[in-house]
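Novice: for reference, the sequence and a predicted model appear below.
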Amino acid sequence: MSKRILIIIVIVIFGSFNSFSKGIIEKDSSKPKTISFKIKLKSTDKIKIAVSPLKYNKHFAYSFTLDDGYRSAYLTAFPLLNGGKVSNSSINEWKIDQGGDGTTSEGLFYSDGMGNKIPFKLALAINGGSIRYLPENRGHLSWSEIKEMYNAGWDILNHGFHHATKHGTNYLTEVTENTTSIKQNLDFTMSHFVVPGGEGDPDYHLEYEKEALANGFLSVASYKGTGPVYKVNSKVDLDKMISARTFVLSSKDTTSFKTMNRYLKNIDSIVKHPEPVWFNDFTHGTGNGNLWNLSMRFPDFKYYMITLADKYGAKGNDSIWMAPWQEVYEYIWLRDRIKVDYKQKNKEIEVTIELPEIPQNFRYQDVSLNIETSFKFEIESSKDLKIKDDGKTTHKQIFIQLK
């Protein structure tokens, strides 16, 4: 018997970025859609089709978020991961160095399994009230910098308008004003919330959780909750998800990477499990200075991310899906709601996929399917479907992009 080869079908359905209506997520006005196509095999052997736990059938998804919208994200983290010139030393208005080492990065990547490299992408938890263009040595990002990172695939999460936590905070206003601010300045609607940290009344985070979920946010990262590691080989309960967040932080030791190695060892232990998983981490700044002692110094951040890329990215075993929280959440949400049917007659398989109503503010609408076969194939579809495949070469994947 020939060894069976895993084929992954990826379906990408591009949606629009529409706003919440009276705090409730608007649904697409169109009815659920059905798409279909045919797979033509070189053999009559029976095949199996199943939904992939994670996009591109990766073994684990790792989501990493930078809190508070500090400028070091643009000066150091973004060029390191996406490729570009990392800033030299840059002393900000708080007399803290938010720059890096001045090197040029080629970027850090995983692959889609079809020969295409995809850069590591993070999320930014943003306070709209802090975003500005002046002074030149400002500590926070500008709107244009955030837009550039967003356009490169980084996600933007709601972190409260003023990052307010102390007694007297209007939690509803913090949530909704930040949503309005990002919509007005960047023209999209956020759908995930990160509770700001700081001094406050006991259990103030519960007030943020309540207001975020009541005003249409799909998930909240908070002090306590589920996770932060999720097994994703079966249906995941995403309804009003509150996830516990953990941080990766530099220590006082600046002479070695012992602290980073401890964090990396924890990742190694998580991904050794046979089941596919999703987990996430947070930090604040990524510049040379350990901002508020709640950040990663750039040398630590660089070492950490390069180690992940070399071991689990395109240069390693290529098992990582390094994607922001929103991207992974939306993949799993859709994965658990599609209905896949296929019928095989000799060498031809007709595949039908029924798609649910998808919230209009979803940024991502991707579906991956696994197909077990050991033979090359070709795809036949209508002109309405744009399909790419490697069926004549490594015959492992099909990529479908709906217009």
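Specialist: Yes, it's here.

Novice: and the residue nearest the centre of this protein?
Specialist: Nearest to the mean C-alpha position of the chain, by C-alpha atoms, centre = their mean, lies Pro324 at 1.8 Å.

Novice: which residues does that one contact?
Specialist: Shown here is Pro324, whose contacts under the criterion C-beta atoms under 8 Å, 6 or more residues apart in numbering are Ser63, Phe64, Thr65, Lys121, Leu122, Ala123, Gly153, Trp154, Asp155. For the C-beta atoms, the positions are set from N, CA and C on the backbone; glycine is no exception.

Novice: give me that answer again for 6 Å
Specialist: Counting by C-beta atoms under 6 Å, 6 or more residues apart in numbering, Pro324 makes contact with Ser63, Lys121, Ala123, Asp155.

Novice: same check on Glu348?
Specialist: By C-beta under 6 Å, 6+ apart, the contact set of Glu348 is Lys38, Lys40.

Novice: and Trp292, helix, strand or coil?
Specialist: Here Trp292 takes the helix state, with states given by DSSP: H, G, I helix; E, B strand; the rest coil.

Novice: number of nearby residues for it?
Specialist: Trp292 has 12 neighbours, counted by other C-beta atoms under 10 Å.

Novice: hmm, back to that, how near is the residue nearest to the centre of the chain to Leu124?
Specialist: Distance check for Pro324 against Leu124: by C-beta to C-beta, to the nearest Å, it reads 9 Å.

Novice: Val277 pairs with what?
Specialist: Listed by DSSP bridges, the beta-bridge partners for Val277 are Phe60, Lys231.

Novice: list the contacts for it?
Specialist: Taking C-beta under 6 Å, 6+ apart as the definition of contact, the neighbours of Val277 are Phe60, Val229, Lys231.

Novice: so the last one touches Glu275, yeah?
Specialist: Yes: the pair Lys231 and Glu275 passes the contact test of C-beta atoms under 6 Å, sitting 5.0 Å apart.

Novice: please save the CA atoms from stretch 334-342 in CSV.
Specialist: Only the C-alpha atoms of stretch 334-342 are listed here, as CSV (Å, rounded to 0.1, in the frame of the first residue of the first chain):
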residue,chain,number,x,y,z
LEU,A,334,-15.9,29.5,11.1
ARG,A,335,-14.3,26.1,11.2
ASP,A,336,-16.8,25.0,13.8
ARG,A,337,-19.8,26.2,11.7
ILE,A,338,-19.2,25.1,8.2
LYS,A,339,-20.8,21.9,6.8
VAL,A,340,-18.7,19.9,4.4
ASP,A,341,-20.0,17.2,2.1
TYR,A,342,-18.3,15.2,-0.6
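
Novice: hmm, who's touching that stretch?
Specialist: Where contact means C-beta under 6 Å, 6+ apart, the residues beyond stretch 334-342 that reach it are Ile49, Val51, Lys235, Ile349, Val351, Thr352, Ile353, Glu354, Leu355, Pro356, Val367.

Novice: in helices, which of those residues fall?
Specialist: When helices are assigned by DSSP state H, not one member of those lies inside them.

Novice: list the buried residues of the helix or strand containing Phe282.
Specialist: Per DSSP states H and E: Phe282 is located in strand 277-283. Judged by neighbour count using 16 or more other C-beta atoms under 10 Å, the buried positions of strand 277-283 are Val277, Trp278, Phe279, Asn280, Asp281, Phe282, Thr283.

Novice: distance of Leu291 from Val248?
Specialist: Using C-beta to C-beta, which is the criterion applied here, Leu291 is 14 Å from Val248.

Novice: so for the two, which sits in the more crowded spot?
Specialist: Under the neighbour definition other C-beta under 10 Å, Leu291 and Val248 were set side by side, and Leu291 has more, 24 against 20.

Novice: quick one: pLDDT of the closest residue to the more buried one other than its chain neighbours?
Specialist: Once its chain neighbours are removed from consideration, Leu291 has its nearest residue in Gly285; the separation is 3.4 Å (C-beta to C-beta, 6 or more residues apart in numbering). Each residue has a pLDDT score; the one for Gly285 is 98.

Novice: number of residues surrounding Gly285?
Specialist: Using other C-beta under 10 Å, Gly285 has 31 neighbouring residues.
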